[in-house]
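In: show me the folded form of this:
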Amino acid sequence: MNFLKISKIEQENPFVKTFYFNFNLGSKPGQFVMLWIPGIDQKPFSISSDDGQTFGLTIFKRGPLTNKLFEMNIGDRVGISGPYGTAFTVDQNLHYIMVAGGYGAAPLSLLAQRTNGAKIDFLAGGRTKDNLLFEEKLSKIPNLILHLATDDGSRGHKGYVTDLIPSIISADSCQKLVVTCGPELMQKKVLDICNEYNVDCEVSIERYMKCGVGICGQCVVDDLGICMCKEGPVVNRELANKIFEFGKYHRDKSGAVVSF
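Out: From the prediction side, this is the model:
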């Protein structure tokens with residue numbers, strides 16, 4: 001584990017900040033790190049940017065660890081270990097359809113930066129316009145078309161971001177890869193649409209993680225018995241379809257089942 005200084009902090013929206021660290025992390029899009037604040041807790045966070053010199057973690061304020069992190073300033077240190085887990089496919093010959101819900105835009109933003117000019121339709125959704133992320137940053141990426149959706153219609157399409165997928169899938173005959181990160185019920189809908197249209201997809205599945213390296217067993221999923229910190233968080237369509245609990249329930253830190 002490295003104890004790294006916060007080098008920069010950006011307020012992304014009323015609920016989300018990005019914390020930057022000057023360190024060569026060497027991560028791939030979709031991987032995560034474990035962030036530790038001594039005396040508080042350790043949690044996994046997706047990587048939203050990594051240029052080989054500086055990496056960023058885009059974090060939603062929720063719970064004791066993030067409450068403490070949001071009180072920190074430039075120069076304060078936190079413990080960082082990783083990167084861990086599987087990554088999204090990077091292939092400039094694919095047509096990417098990236099489906100992000102809320103702060104699920106974080107790892108997909110890094111993927112969009114790494115695709116080296118691939119065609120990208122980036123679908124970003126949120127409850128309101130205040131929940132959307134990276135609109136300005138994403139708009140600067142070559143060959144990326146940004147589609148916005150909000151539940152209340154305050155920005156872009158009024159309705160679910162998944163409403164936009166079928167027409168984009170049907171628009172051309174290019175080889176497509178749908179990638180998604182965000183609320184699990186949204187991701188399950190994305191998977192269902194990809195099954196219907198027989199399109200490849202990759203899903204980033206979030207589970208409660210304590211260690212990040214497959215030791216504690218906290219993030220094991222039913223009924224395959226695989227750890228989402230090692231065999232995930234990014235899984236392909238075939239594997240996602242085999243995870244019985246996906247879209248139905250997850251487990252809290254005590255191991256109790258929590259239905260969606």
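In: how far does stretch 12-29 sit from its chain's centre?
Out: Relative to its chain's centre, stretch 12-29 lies at 12 Å (CA atoms, centre = their mean, to the nearest Å).
In: repeat for stretch 186-195
Out: That offset, for stretch 186-195, works out to 16 Å (CA atoms, centre = their mean).
In: neighbouring contacts of the worst-scoring helix or strand of the chain on mean pLDDT?
Out: Within the chain, no helix or strand scores below helix 135-139, which has a mean of 92 by mean pLDDT, DSSP states H and E. The contact list for helix 135-139, computed with CB atoms under 8 Å, 6 or more residues apart in numbering, reads Ala105, Ser109, Ala112, Phe122, Ala124, Leu144, Leu146, Leu148. To be clear about C-beta, it is placed using only N, CA and C from the backbone, and glycine gets the same treatment.
In: please redo it, this time with the cut-off set to 7 Å
Out: Helix 135-139 is contacted by residues Ser109, Ala112, Phe122, Leu144, Leu146 when judged by CB atoms under 7 Å, 6 or more residues apart in numbering.
In: out of those, which is most surrounded?
Out: Counting neighbours by other CB atoms under 10 Å, the top entry in the contacts of helix 135-139 is Ser109, with 28 neighbours.
In: helix or strand for that residue, which one?
Out: Using DSSP states H and E, Ser109 sits within helix 105-114.
In: now do the domain split for this protein, please.
Out: For the chain, the domain assignment from automatic domain parsing gives the residue ranges 2-84, 88-204, 208-260.
In: ok, back up a step: the very next helix or strand once past the helix holding Ser109: partners in the sheet, and parallel or antiparallel?
Out: Using DSSP H and E, the helix or strand that follows helix 105-114 towards the C-terminus is strand 119-126. Paired strands of strand 119-126, with direction, are strand 95-101 (parallel), strand 144-150 (parallel) (DSSP bridges).
In: mean confidence (pLDDT) on the first one, please.
Out: Taken as a whole, strand 95-101 carries a mean pLDDT of 97.
In: before we move on, what about the last one?
Out: When the per-residue pLDDT values of strand 144-150 are averaged, the result is 96.
In: list the buried residues for that strand?
Out: Applying a neighbour-count criterion of 16 or more other CB atoms under 10 Å, one finds Leu144, Leu146, His147, Leu148, Ala149, Thr150 buried in strand 144-150.
In: then it to PDB, C-alphas only?
Out: Provided in PDB are the C-alpha atoms of strand 144-150 (Å, rounded to 0.1, in the frame of the first residue of the first chain):
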ATOM      1  CA  LEU A 144     -17.600  10.500 -29.200                       C
ATOM      2  CA  ILE A 145     -21.300  11.300 -29.500                       C
ATOM      3  CA  LEU A 146     -22.800  12.200 -26.100                       C
ATOM      4  CA  HIS A 147     -26.400  11.300 -25.300                       C
ATOM      5  CA  LEU A 148     -28.000  12.500 -22.000                       C
ATOM      6  CA  ALA A 149     -31.000  11.300 -20.200                       C
ATOM      7  CA  THR A 150     -32.600  12.300 -16.900                       C
END
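In: could you give the angle of it to helix 105-114?
Out: Relative orientation of strand 144-150 and helix 105-114, computed by axes from the mean of the first three to the mean of the last three CA atoms, to 10 degrees: 170 degrees.
In: buried ones in the helix holding Ser109?
Out: Buried residues in helix 105-114 (16+ other CB under 10 Å): Ala105, Ala106, Pro107, Leu108, Ser109, Leu110, Leu111, Ala112, Gln113.
In: measure stretch 126-146 end to end?
Out: Stretch 126-146 stretches 14 Å from its first residue to its last (CA to CA, to the nearest Å).
In: go on, stretch 39-49?
Out: This stretch, stretch 39-49, spans 27 Å end to end (CA to CA).
In: distance from it to the middle of the chain?
Out: How far stretch 39-49 lies from its chain's middle: 12 Å, per CA atoms, centre = their mean.
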